[in-house]
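Novice: Prediction below, plus the sequence it came from.
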Amino acid sequence: MARLPYADEDSSPEVKALSERIRAERGGRLLNLYKMLLNSPPVAEGWLALLTAIRQKSRLPGDIRELAILRVAIINGAQYEYGVHVPFALKEGVTQAQIDALGHWEGSDLYSGIQRAVLAYTDSMTKEVHVPDATFEQLRPHLPARELVELTATIGAYNLVSRFLEALGVDPEAAHAQVRGT
């Protein structure tokens with residue numbers, strides 16, 4: 001249960017305009033995440049800009065992005081984040097078997113070399129913050145500098161997302177998938 005009330009979309013012209021913009025940019029829906037963010041319109045606006053850049057303007061391959069996001073959600077126990085991103089991952093070509101094995105990916109042969117390097121990098125960034133040189137060097141041959149920056153920003157941003165969601169107890173939308181493999 002959410003620790004704070006969700007913002008009233010009609011509470012001010014600023015909130016109303018921003019909620020309409022979010023609906024327009026996010027397929028007509030206003031997820032609970034955004035309803036919570038609208039308690040601070042400047043934060044909601046910055047959040048929208050950052051996550052739009054990461055999810056819609058990045059050159060990072062979609063399957064790589066979504067594997068990293070799902071792995072962050074699993075590590076952080078972020079049910080909401082996980083549930084929202086399973087359909088995106090499937091749409092980007094991640095298989096259900098890969099999604100199901102993410103909790104214990106190291107022992108699975110379902111992932112390519114780049115996917116394994118991305119998952120190791122995601123684990124290091126999320127669990128230890130400081131990424132060992134060896135982990136970074138495993139990733140470097142697979143992605144050019146722009147995509148390495150975009151991957152790093154994606155992992156960092158989705159750690160922010162999961163921490164925000166979990167700290168404020170944002171309620172998952174009804175039909176989300178459950179975190180698996182933890």
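Specialist: Great, that's in hand.

Novice: What's the local residue count around Y158?
Specialist: Counted with other CB atoms under 10 Å, residues neighbouring Y158 total 26. The C-beta positions use only the backbone N, C-alpha and C, and glycine is treated the same way.

Novice: quick one: T152 and M125 touch, right?
Specialist: Yes: contact criterion CB atoms under 8 Å: T152 and M125 qualify, at 7.2 Å.

Novice: out of those two, which sits in the busier spot?
Specialist: M125 (22 against 17).

Novice: Just checking the distance from the lengthiest helix in the chain to the centre of its chain.
Specialist: Using DSSP state H, we find that the single longest helix of the chain is helix 145-168. Distance, stretch centre to chain centre, for helix 145-168: 6 Å (CA atoms, centre = their mean, to the nearest Å).

Novice: in it, what's buried?
Specialist: With burial defined by 16 or more other CB atoms under 10 Å, the residues of helix 145-168 counted as buried are 147-148, 150-152, 154-159, 161-162, 164-165, 168.

Novice: out of those, who's nearest Y111?
Specialist: In terms of CB to CB, no member of the buried residues of helix 145-168 lies closer to Y111 than L151, at 15.2 Å.

Novice: ok, that closest one - contacts?
Specialist: By CB atoms under 8 Å, 6 or more residues apart in numbering, the contact set of L151 is L60, I64, R65, A68, V118, Y121, L139, L143.

Novice: shouldn't the second one be in contact with S112?
Specialist: No: counting by CB under 8 Å, S112 is not a contact partner of I64; they are 9.8 Å apart.

Novice: Next, find the distance separating E14 from G113.
Specialist: Distance, E14 to G113, by CB to CB, to the nearest Å: 48 Å.

Novice: higher neighbour count, the two?
Specialist: Counted by other CB under 10 Å, E14 and G113 do not tie: E14 has more neighbours, with 13 against 10.

Novice: From V72, how far off is the spatially closest residue to E166 that is not a sequence neighbour?
Specialist: Closest residue to E166 apart from its sequence neighbours, by CB to CB, 6 or more residues apart in numbering: A78 at 5.7 Å. Remark: distance between A78 and V72 (CB to CB) = 7 Å.

Novice: And the pLDDT at D171?
Specialist: Predicted confidence (pLDDT) for D171: 94.

Novice: Pretty sure E66 is one of the things F88 touches, is it not?
Specialist: Yes: under the criterion of CB under 8 Å, F88 makes contact with E66 at 5.3 Å.

Novice: Have a look at those two and say which one is more surrounded.
Specialist: More neighbours surround E66 than the other of F88 and E66, with 25 against 15 (other CB under 10 Å).

Novice: And the helices in the chain?
Specialist: Along the chain, counting by DSSP H, helices occupy 13-25, 32-37, 41-56, 62-76, 79-91, 96-101, 113-123, 133-139, 145-168.

Novice: any idea which of those helices is most buried?
Specialist: Across the helices of the chain, the average number of neighbours (mean count of other CB atoms under 10 Å) peaks for helix 62-76, which reaches a mean of 24.
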